[in-house]
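Visitor: here's a sequence, model it:
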Amino acid sequence: MPVITVVQQNTLYRGTLIKNTGFRYAIYKSDGTKPSYDSHAPFEILVEKKLNNNKYEDISTTSTLTYTWEYKNKYYSRSSGSWIQNDPLYLTNGYASSDETLPKNQKIIKPVDGYDGQTVNNAVVVTVKNNNTEILYIHIPIHLMFNRYENAALNGWNGNSIDLGE
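Guide: You can find the predicted model right below:
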């Protein structure tokens, strides 16, 4: 499982990606199409501020906070045989089926429909600012993978043996 990194710039604030939101990987068919990933919930950031009694209050959607969502990636193209910058993920502001928009601490992310290679350092980075001062930096790695043989047993083969279960 990819490790999510949170850098807090100020000890009065803490933040995290809410558990079970977004996805950490997308698995493509062997031809690089039809990504399979968990799309049930958008990525959602929780930001809390420390109160005088050492308790924390959720301030994720207050008007003073701004969120900047961006890509960090480098992509190896098999067709060109070189490393290039590309956009293997889409960042969207709302739901595909309606005009409804998400709260500012949420973002829908979709992998591209066609994938041609392996991506390293592929991640979504969220910078959270309060009154234009950076308070949090969250790095969410996302792995894109091929289901080479479209069979879990063959994909897991180590070249010597295979475990078929009981």
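
Visitor: gap between the two ends of stretch 57-65?
Guide: Using Cα to Cα, to the nearest Å, the end-to-end distance of stretch 57-65 comes out at 14 Å.

Visitor: mind checking the SS state of the closest residue to residue 20 other than its chain neighbours?
Guide: Counting by Cβ to Cβ, 6 or more residues apart in numbering, residue 20 lies nearest to residue 41, which is 6.7 Å off, once chain neighbours are set aside. C-beta: built from backbone N, CA, C; applies to glycine. When classified by DSSP: H, G, I helix; E, B strand; the rest coil, residue 41 comes out as coil.

Visitor: show me where this structure has its helices.
Guide: Per DSSP state H, the chain carries helices over the ranges 152-155.

Visitor: so how many other residues sit close to the closest residue in space to residue 13 that isn't next to it in sequence?
Guide: Among residues not flanking residue 13 along the chain, residue 135 sits closest, at 4.5 Å (Cβ to Cβ, 6+ apart). Number of residues near residue 135 (other Cβ atoms under 10 Å) recorded here: 21.

Visitor: look up the pLDDT of residue 135 for me, please.
Guide: pLDDT for residue 135: 95.

Visitor: residues contacting the residue nearest to residue 20?
Guide: Contacts for residue 41 were tallied using Cβ atoms under 8 Å, 6 or more residues apart in numbering; they are 20-22.

Visitor: check the gap between residue 17 and residue 72 for me.
Guide: Distance of residue 17 to residue 72, given as Cβ to Cβ, to the nearest Å: 15 Å.

Visitor: apart from its chain neighbours, what residue comes closest to residue 126?
Guide: Closest residue to residue 126 apart from its sequence neighbours, by Cβ to Cβ, 6+ apart: residue 138 at 4.4 Å.
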